[in-house]
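Enquirer: I need the structure of the sequence given here:
(2 chains)
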2 protein chains.
Amino acid sequence: MAEQHDQGKEVIFPRGQKITSDHFIGQVWLARLVSGDDVFNCSIGNVTFEPGARNSWHKHPGGQILLVTGGLGCYQERGKPVQLLRPGDVVRIMPNIEHWHGASPDSWLSHLAISTCLDKGEVEWLEPVTDEAYRDAAS
Amino acid sequence: MAEQHDQGKEVIFPRGQKITSDHFIGQVWLARLVSGDDVFNCSIGNVTFEPGARNSWHKHPGGQILLVTGGLGCYQERGKPVQLLRPGDVVRIMPNIEHWHGASPDSWLSHLAISTCLDKGEVEWLEPVTDEAYRDAAS
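Expert: Numbering: from 1, shown residues only, chains lettered A, B, ... in the order given. Alright, predicted model coming up:
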């Protein structure tokens, strides 16, 4: 099935640890590939969402770049239509733009998340994407 | 053969255009995924080296991070032993450290190159890695 994501074949970077955080719905894993030290002024994580999993609305003072490495997912900025995420997609998230991202209802999603210009401040979390809003967005 | 890299299966990001530059030996392709604009203060390229291809010694005033996505390759810092590069490897290249990277003699290499802190200056190119030095390094 084209909608399925066989993690065994597509995952290049380690899956890491399950995230335990109120800012995520569903199971999500994070491997920290580059910590946010001051040498590079950025951090890099490999994030894997199970089908249906997503993060809450949030924004990054210094922006973030997503590089999709496997599966299928969703990305949405406040007031805009949802974008389908596919392997090879690059998402440039401008500073302080409210957005969320996550897996499609029927597929895993893996992406690299490169948080840039960390000296401008930490991620700011907002409200969750409710089941109803997610169903509407992902349909 | 474990040494071979089937590009068709492993490549996620576009291969881009052939690089025409005196700072590379062998065929190398570059797809610019994120240009070095001042919003993110970094650039991201997907770089693909044919077997035996490599860049010249060089250094980055703001550092660079390599994320290996396919194939096998080599990374060396001045005065240190060569490191074998495999999919999933992360290389943190400190600012102004002289180094080179490229494919193994018998395998393609694909990596993401994230050049950070671009406001600190542009890459500085040094001498090439001669055939003899490459053979010694890669053996």
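
Enquirer: residues from chain A in reach of chain B?
Expert: Within chain A, the positions near chain B by C-beta under 8 Å from any C-beta of the partner chain are A:12-14, A:33-34, A:39-42, A:44, A:62-63, A:65, A:67-70, A:87-88, A:90, A:92, A:94-95, A:112, A:114, A:116-117. Any C-beta I mention is one placed from the backbone N, CA and C, and that applies to glycine too.

Enquirer: the residues you listed, buried ones only, as a PyMOL selection?
Expert: The following PyMOL line selects those of the residues of chain A next to chain B that are buried, judged by 16 or more other C-beta atoms under 10 Å in any protein chain shown:
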select buried, chain A and resi 12+13+33+34+39+40+41+42+44+62+63+65+67+68+69+70+87+90+92+95+112+114+116+117
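
Enquirer: what sits against the spatially most central residue of chain A?
Expert: Residue closest to the mean C-alpha point of chain A, counted by C-alpha atoms, centre = their mean, is A:His101 at 4.7 Å. Neighbouring residues of A:His101 by C-beta atoms under 8 Å, 6 or more residues apart in numbering or on different chains: A:Arg54, A:Asn55, A:Leu66, A:Gly73, A:Cys74, A:Tyr75, A:Gln76, A:Leu85, A:Val91, A:Leu109, A:His111.

Enquirer: pull up the gap between the second one and chain B, please.
Expert: If you measure A:Asn55 against chain B using C-beta to the nearest C-beta, to the nearest Å, the figure is 20 Å.

Enquirer: isn't that residue up against A:Leu30?
Expert: No. If you go by C-beta atoms under 8 Å, A:Asn55 and A:Leu30 don't touch, sitting 10.8 Å apart.

Enquirer: next one, pLDDT for the residue of chain A most remote from its centre please.
Expert: Distance from the centre of chain A peaks at A:Val39, with 24.0 Å (C-alpha atoms, centre = their mean). On pLDDT, A:Val39 comes in at 96.
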